[in-house]
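> Below are the sequence and a predicted model; questions follow.
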Amino acid sequence: MPLLSEKHVFPDGILTGELASTDRHSEILDARQEFKVVEVRVEEFKAQSMMVKVCHQAMLESVARAKAFLRLKKKSVSRKRASQIRSLHG
């Protein structure tokens, strides 16, 4: 196997020239391809888990807003009812 020189290597480390035809080079490419697939899957997983966290947070916030709205509504209904009772018994 010939020694590597700069003309055999791209900046990202992929071998070129006469080394490109060797089995070792195809093994390296296969390994790099598998690594890229795994890397993409990890990134997809991170994105999905982040999406789940964001959706979960949004759901919690909307539930909290709904509860707060119902509490306000209940208070305003009871205030309204209290004023009606006062006006009836005035």
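Now that the structure is in, tell me what you want to look at. Numbers count the residues shown, from 1 in each chain.

> With K67 as the reference, measure out to M59.
Counting by Cβ to Cβ, to the nearest Å, the gap from M59 to K67 is 13 Å. C-beta: built from backbone N, CA, C; applies to glycine.

> go on, Q84?
Using Cβ to Cβ, Q84 is found at 26 Å from K67.

> Next: M51.
Taken as Cβ to Cβ, the span from M51 to K67 is 24 Å.

> ok, now which ones touch E27?
E27 makes no contacts at all, as judged by Cβ atoms under 8 Å, 6 or more residues apart in numbering.

> Centre of the chain to the helix or strand harbouring it, how far?
Using DSSP states H and E, E27 maps to helix 23-89. Averaging C-alpha positions (Cα atoms, centre = their mean, to the nearest Å) puts helix 23-89 11 Å from its chain's average.

> avg pLDDT for it?
Averaging pLDDT along helix 23-89 gives 80.

> now for the protein, which residue lies nearest the mean position of the chain?
Compute the mean C-alpha point of the chain, and by Cα atoms, centre = their mean the closest residue is A47, 2.3 Å away.

> quick one: that one from K36, how far?
For A47, the distance to K36 - Cβ to Cβ - is 16 Å.

> Check L29 too.
10 Å.

> neighbour count winner among those two?
L29 (13 against 10; other Cβ atoms under 10 Å).

> Quick one: neighbours of I28, just the number.
By other Cβ under 10 Å, neighbour count at I28 equals 15.

> now swap in R32 and tell me
R32: 13 neighbours (other Cβ under 10 Å).
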